[in-house]
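Chemist: here is a sequence with its predicted model. Questions after.
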Amino acid sequence: CCSRPEEIFCYRCSFGRKASSCFYFRANLVIMGENVKGDFRMGYRHKKEGALSLLPFLIFIVIYLGAGIYFQIHGVEMAFYQFPSVTAMFIAVLSAFFMGDETLQVKFGIFSRGAGNENVMTMLMIYILAGAFSAVAAAMGGRDATVNLGISFVPAQCLTAGIFIISAFMGTATGTSMGTIAAIVPIAAGISVKSGISEALMVAACVGGAMFGDNLSMISDTTIAATRTQGCELKDKFKMNFRIALPAAVLTIFLLLVIGQPSAAADLQELDYSLLKVFPYIAVLGLALLGANVFLVLTAGIFLAGFIGMASAELTVITFAQNIWNGFMGMGEAFFLALFCGGISEMIAYYGGIEWLISKLRKMIKGNKSAQLGIAALVSLTVSATANNTVAIIISGGVAKDISNEYGIDSRRSASLLDIFSCVFQGIIPYGAQLLTASALASKNGAVINAMEIIPHMWYCWLLAIFGILSIYIPYADGGLKKERAKE
């Protein structure tokens, strides 16, 4: 279909790899020849659309952000979560099909290949398994047991730092900052009122710990999205991410120990807990750190939590099955967003949008370090626009991967940068779900505060941003990376 095939470039390879040397092109050429009756245009990168092909993502952001601002102005609670993000993304999907002059069949073929990409499908499976584990473990009492265990062992003078540590463990074990906040903030608010500790500081300690856990957890949707879009293993991303997050967490704990001491002793009731119910969280975390297959880890966690729940009469076979299903359904938003984003990203790449975006970023990027800053800025701006760190990583992950390939950034580092800076901004935007939920729960439990009052006390997020930028210029987190590359 072209007299000079050596000059045809593959649209899947954003930096000008010749089609004749590209596996994706050759594979798709065969598939296209069989399925689209000789229309080989899908194998080429169209440059005629360029910036216009980014319109679907712009439509999504305008609808989602615009609706949030509208409801915020009208004083609606959780304003940025009134218009469903999946509906906004669905409208963006529809708009993508108006691009180009290809037939609807060809366009749907492009979308389907992106939505059915191996990385996307893997991410979707991990999402629903993680949701099922969290639901079953919570239903059998594991979440409450973990909170009660932590608080029972925290000395009275270390309550604020203790809340941060408990939230950090809880977030890491469960993979959800929102679940951690919902479980711990009511307790933290009550403690702050009784002990004289600043309500905003105590709640910020809980939210900060939850963000630490969400950022590092092996079953967090942000971790899953970051590793799958960048093509690295969960345990490898964890190691690098941990080296950046740990100094920020240690310094936060030190500040909370010095500044967050109570002015009066808090009268805490005796809390019941069962070590057996905490065990599934420890098992999942331990197996993941040992490098076990993530599907095996989560499946084992689901049945371990279920068996413990049935043995302790917290669950029956029926309620066990129902909670697995509830866990699947609880990940519906992340599931459909990943599916739609995968398809849209493929269409944008086909019409030259990724190439155009990279060409513009290339003018601002001078080398490896500025490329890393570019990735951090990209995901930070996307979080600010969407108020959802998972959505932000899914949207910006493809572009971040292309930048990493161009400037030689290790996939473990790019995945860590995506997760770290999405965590930072998700934790400090006043219209994000974390701060809105935390302030609402605190107010219901006697600590009347708003989201803006919490932000100055979000020390962990501010420190994480500092150490994240510092790690770009002083690569202290890259320890052992060369040895690991050599082994690979």
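Modeler: Sure thing, it's come through.

Chemist: CA atoms for contacts and neighbours, from now on please.
Modeler: Fine.

Chemist: now do the contacts for residue 464.
Modeler: 244-245, 248-249, 420, 424 (Cα atoms under 8 Å, 6 or more residues apart in numbering).

Chemist: now with 7 Å?
Modeler: Contacts for residue 464 (Cα atoms under 7 Å, 6 or more residues apart in numbering) come out as 245, 248, 424.

Chemist: confirm it sits in a helix?
Modeler: Yes - the assignment for residue 464 by DSSP: H, G, I helix; E, B strand; the rest coil puts it in a helix.

Chemist: now it: how far from residue 412?
Modeler: Going from residue 464 to residue 412 by Cα to Cα, to the nearest Å gives 17 Å.

Chemist: one more: residue 368?
Modeler: Going from residue 368 to residue 412 by Cα to Cα gives 14 Å.

Chemist: quick check: residue 409 is in a helix.
Modeler: No - looking at residue 409 with three-state DSSP, it is coil, so not inside a helix.

Chemist: next up, phi/psi of it, please.
Modeler: phi -90, psi 130 (degrees, to the nearest 10).

Chemist: number of nearby residues for it?
Modeler: 18 (other Cα atoms under 10 Å).

Chemist: ok, now residue 201?
Modeler: 24.

Chemist: tell me which element it falls in.
Modeler: Here residue 201, judged by DSSP states H and E, is contained in helix 199-216.

Chemist: what lies in contact with that helix?
Modeler: So helix 199-216 is in contact with 160, 163-165, 167-172, 175-177, 180-181, 184-185, 188-189, 192-193, 220, 223, 238, 241-242, 419-420, 423, 427, 438, 447, 449, 453-454, 457-458, 460-461, going by Cα under 7 Å, 6+ apart.

Chemist: filter those down to the ones in helices?
Modeler: Those of those mapping onto helices are 160, 163-165, 167-172, 177, 180-181, 184-185, 188-189, 192-193, 223, 238, 241-242, 419-420, 423, 427, 438, 453-454, 460-461, per DSSP state H.

Chemist: filter those residues down to the buried ones.
Modeler: Neighbour counting over the ones in helices among the contacts of helix 199-216 (16 or more other Cα atoms under 10 Å) leaves 160, 163-165, 167-172, 177, 180-181, 184-185, 188-189, 192-193, 223, 238, 241-242, 419-420, 423, 427, 438, 453-454, 460-461 as the buried ones.

Chemist: how much space separates the spatially most central residue of the chain from residue 443?
Modeler: The residue lying closest to the centre of the chain (Cα atoms, centre = their mean) is residue 222, at 1.6 Å. Distance, residue 222 to residue 443, by Cα to Cα: 28 Å.

Chemist: likewise for residue 316?
Modeler: Computed as Cα to Cα, the residue 316 to residue 443 distance reads 36 Å.

Chemist: and if you look at residue 232?
Modeler: 41 Å.

Chemist: quick one: least confident helix or strand in this structure?
Modeler: helix 23-35 (a mean of 36; mean pLDDT, DSSP states H and E).

Chemist: circling back to that earlier point, hey, C-alpha coordinates of the helix holding residue 201 in CSV?
Modeler: Provided in CSV are the C-alpha atoms of helix 199-216 (Å, rounded to 0.1, in the frame of the first residue of the first chain):
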residue,chain,number,x,y,z
GLU,A,199,-8.0,18.7,65.7
ALA,A,200,-6.6,19.7,62.3
LEU,A,201,-3.2,18.2,63.1
MET,A,202,-4.6,14.9,64.4
VAL,A,203,-6.8,14.5,61.3
ALA,A,204,-3.9,15.5,59.0
ALA,A,205,-1.8,12.8,60.7
CYS,A,206,-4.4,10.2,59.8
VAL,A,207,-4.8,11.4,56.2
GLY,A,208,-1.0,11.6,55.8
GLY,A,209,-0.6,8.1,57.0
ALA,A,210,-3.4,6.9,54.7
MET,A,211,-1.7,8.5,51.7
PHE,A,212,1.7,6.9,52.7
GLY,A,213,0.0,3.5,52.7
ASP,A,214,-2.0,4.1,49.5
ASN,A,215,1.2,5.2,47.7
LEU,A,216,3.1,2.1,48.7
